[in-house]
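In: Test case, fold it:
(4 chains)
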Protein chains: 4
Amino acid sequence: MAQYRELRTEKEIDIRFSDVDSMKIVWHGNYIKYFEDAREAFGARYGLGYLDIYAAGCYVPLVDISVKFLHPLTFGRKAAVSAVWRPCDAAKLVFDYEIKDMETGVMAATGRSVQVFTDLENRLLWAAPEFFENWKKKWTVEQ
Amino acid sequence: MAQYRELRTEKEIDIRFSDVDSMKIVWHGNYIKYFEDAREAFGARYGLGYLDIYAAGCYVPLVDISVKFLHPLTFGRKAAVSAVWRPCDAAKLVFDYEIKDMETGVMAATGRSVQVFTDLENRLLWAAPEFFENWKKKWTVEQ
Amino acid sequence: MAQYRELRTEKEIDIRFSDVDSMKIVWHGNYIKYFEDAREAFGARYGLGYLDIYAAGCYVPLVDISVKFLHPLTFGRKAAVSAVWRPCDAAKLVFDYEIKDMETGVMAATGRSVQVFTDLENRLLWAAPEFFENWKKKWTVEQ
Amino acid sequence: MAQYRELRTEKEIDIRFSDVDSMKIVWHGNYIKYFEDAREAFGARYGLGYLDIYAAGCYVPLVDISVKFLHPLTFGRKAAVSAVWRPCDAAKLVFDYEIKDMETGVMAATGRSVQVFTDLENRLLWAAPEFFENWKKKWTVEQ
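Out: Numbering: from 1, shown residues only, chains lettered A, B, ... in the order given. As a prediction, this is how the structure comes out:
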């Protein structure tokens, strides 16, 4: 199997007042937004944003997402969210995420998302589309 | 000028845990969602929903919205939001809103929104589109 | 081990215009809100809401949540979200979720959440608190 | 009346995928979040954040907010939101907002918010609290 270097992007996020719930911590559902922030930052850096993918005639709907909440985040803090692309042989796009409190360095959450490829009529593509194979080759280091 | 009977819809809303901020009251931005709930309930009842309007070849983007916050809403309460259509001669769609705490009857907020009509290429329509003139006639009581 | 009857709650949800993304389907992060809707409906029915738990001197922060997206939901549809309590011996609160399109009956998503118990100073409770043991007994059918 | 120099803060915002609605433009309710971003950036710069105000024994709930939508914002754009403090003699905190598309320079929206002062039991303060009078003096240039 091809060998890929680890592709990772990190993005700083501001914790909004409106992100925080009545226990004064970030409401858990907002971590999904932070993950998307990291995924978009990844897409912007490596040419794999929603608009790039759309231009290639595909959508990449999420089929699976999970979050582990390790430590609460509070209002006024800065956090850093990272996305790491996980190569896989299936026609899927897999990312692992980490969110850290930038002040304390404490890991606040980790997660994973899985996306599939569809055409613009939302029909599942069982094989990875050509643009994605090319994208992978661009970042591959053959052994 | 034509005389219209007052068209009003009321909708019950559940205050979500995630709607509430760290002061344990509904975060002010969420009132905009509640107004939209009322507007959609109005649209469903009187045949003026986004999908009806889209089917007529129009969008109705908001150009103005305002909210007056009178009394905080808290988690676990039920609230009722109403939308009243305000007839006007301009090619605009105007609604007034009221949100009441259903337990106490206290008025929590009032507001107003103004929408204009565009075609599906987002070009402003200076005159009200025909479907809307017909819609108004349907609800008109001539004097 | 004690035998529990299956405790389940179902709640109808309106898909909001603001829940839908530019692909005209519900943005995936919103499913987390729908799960919380079901969990709160469960809490209201079986006396296990946030406010009940708070009154017993506890919080129940989420430590794990996952969603499988099976079929997109679109604006204007009604969906039903259910929460089923999954008994476990650990000091945890586990729910499984299902979201169905009420018009077609199609399963849109499934998921699971895991919560732990803390005291009001956010210290983890390694044993289930007494109120929760009592709550479980109330719903237990011994064999 | 005292003369104040204009106090203004500008903040860059990323338009999130989840901020955009099915018409592929930022959902109007999200502008309220952007305004809050600007207000918080203002508070951080001039020592008037929620946490500063809370430390002084006050809350500053919103009583009025309005938005004029001038031009749609789309996904992938960067926007700049500014908040300008508007001095007034009443015990109120007034901000004007502007949101610009950073690529085109086009004004996307303007708005205004009004906040009042309460103590921590949510009782309205009819006179501006001392910390706020001191804050104003600090930024005053007498004529």
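In: which parts of chain A sit against chain D?
Out: With Cβ under 8 Å from any Cβ of the partner chain as the criterion, chain A meets chain D at residues A:14, A:16-18, A:33, A:36-37, A:40, A:49-51, A:75-76. (C-beta placed from N, C-alpha, C; glycine too.)
In: Need the phi and psi values for the closest residue to residue A:26 other than its chain neighbours.
Out: Of all residues not flanking residue A:26 in the chain, residue A:73 sits nearest, at 4.2 Å (Cβ to Cβ, 6 or more residues apart in numbering or on different chains). Per-residue torsions, residue A:73: phi -110, psi 140 (degrees, to the nearest 10).
In: Contact partners for residue A:73?
Out: A:15, A:25, A:26, A:79, A:99, A:101, A:108 (Cβ atoms under 8 Å, 6 or more residues apart in numbering or on different chains).
In: Flag every buried residue along stretch A:107-114.
Out: A:108, A:109, A:110, A:111, A:112, A:113, A:114 (16 or more other Cβ atoms under 10 Å in any protein chain shown).
In: how close does the fourth one sit to chain C?
Out: By that I understand residue A:111. According to Cβ to the nearest Cβ, to the nearest Å, residue A:111 and chain C sit 9 Å apart.
In: Please tell me I have it right and that residue contacts residue A:83.
Out: No. Checked against Cβ atoms under 8 Å, the pair residue A:111 and residue A:83 is beyond contact range at 9.6 Å.
In: which residues do those two both contact?
Out: Each of A:35, A:96, A:97 lies in contact with both residue A:111 and residue A:83 under the rule Cβ under 8 Å, 6+ apart.
In: For these, pick the one with the most neighbours.
Out: Ranked by neighbour count (other Cβ atoms under 10 Å in any protein chain shown), the shared contacts of residue A:111 and residue A:83 have residue A:35 at the top, with 27 neighbours.
In: give me the number of residues near residue A:71?
Out: Using other Cβ under 10 Å, residue A:71 is surrounded by 13 other residues.
In: Name the SS class of it, please.
Out: Following DSSP: H, G, I helix; E, B strand; the rest coil, residue A:71 is assigned to coil.
In: Backbone dihedrals for it, please?
Out: Main-chain torsions, residue A:71, degrees, to the nearest 10: phi -160, psi 130.
In: Likewise for residue A:4?
Out: In terms of degrees, to the nearest 10, the main-chain angles of residue A:4 are phi -110, psi 140.
In: mind listing what's buried in stretch A:85-98?
Out: Residues A:85, A:86, A:91, A:92, A:93, A:95, A:96, A:97, A:98 are the ones in stretch A:85-98 that count as buried (16+ other Cβ under 10 Å).
In: Tell me which residues touch the most centrally placed residue in chain A, please.
Out: Residue closest to the average C-alpha location in chain A (Cα atoms, centre = their mean): residue A:39, at 3.3 Å. Residue A:39 makes contact with A:83, A:95, A:113, according to Cβ under 8 Å, 6+ apart.
In: Please, which helix or strand holds the second one?
Out: For residue A:95, the enclosing helix or strand under DSSP states H and E is strand A:92-101.
In: so the closest residue to residue A:100 other than its chain neighbours, which of the three states?
Out: Among residues not flanking residue A:100 along the chain, residue A:80 sits closest, at 5.1 Å (Cβ to Cβ, 6+ apart). Secondary structure, three-state DSSP: residue A:80 is strand.
In: Only alpha carbons, please: show the longest helix that chain A contains as CSV.
Out: Counting residues, the longest helix in chain A under DSSP state H turns out to be helix A:30-46. Only the C-alpha atoms of helix A:30-46 are listed here, as CSV (Å, rounded to 0.1, in the frame of the first residue of the first chain):
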residue,chain,number,x,y,z
ASN,A,30,-20.6,23.0,19.2
TYR,A,31,-17.6,20.6,19.0
ILE,A,32,-19.0,19.5,15.7
LYS,A,33,-18.6,23.0,14.4
TYR,A,34,-15.0,23.2,15.6
PHE,A,35,-14.3,19.9,13.8
GLU,A,36,-15.8,21.4,10.6
ASP,A,37,-13.6,24.4,11.1
ALA,A,38,-10.5,22.2,11.2
ARG,A,39,-11.7,20.2,8.2
GLU,A,40,-12.3,23.3,6.2
ALA,A,41,-8.9,24.7,7.2
PHE,A,42,-7.5,21.4,6.0
GLY,A,43,-9.4,21.7,2.7
ALA,A,44,-8.2,25.2,2.2
ARG,A,45,-4.5,24.2,2.8
TYR,A,46,-4.5,21.0,0.8
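In: residues touching the residue located most distally from the centre of chain A, list them.
Out: No residue in chain A sits farther from the centre than residue A:22, which is 27.5 Å out by Cα atoms, centre = their mean. Going by Cβ under 8 Å, 6+ apart, residue A:22 touches B:17, B:20, B:21, B:22, B:23, B:24, B:75.
In: which one of these sits closest to residue D:126?
Out: Nearest to residue D:126 among those: residue B:23, at 20.5 Å, using Cβ to Cβ.
In: Shouldn't that closest one be within a strand?
Out: No. Read with three-state DSSP, residue B:23 is coil and lies in no strand.
In: Who is the closest residue to it other than its chain neighbours paired with across the strands?
Out: Among residues not flanking residue B:23 along the chain, residue D:59 sits closest, at 6.4 Å (Cβ to Cβ, 6+ apart). Residue D:59 has these beta-bridge partners by DSSP bridges: residue D:118.
In: State the distance from residue D:59 to residue C:54.
Out: Going from residue D:59 to residue C:54 by Cβ to Cβ, to the nearest Å gives 21 Å.
In: So for those two, which residue has more residues nearby?
Out: Legend: neighbour count by other Cβ under 10 Å for residue D:59 and residue C:54, higher for residue D:59 (19 against 14).
In: My guess is the more buried one contacts residue D:53. True?
Out: Yes. Residue D:59 lies in contact with residue D:53 (Cβ under 8 Å); the separation is 7.0 Å.
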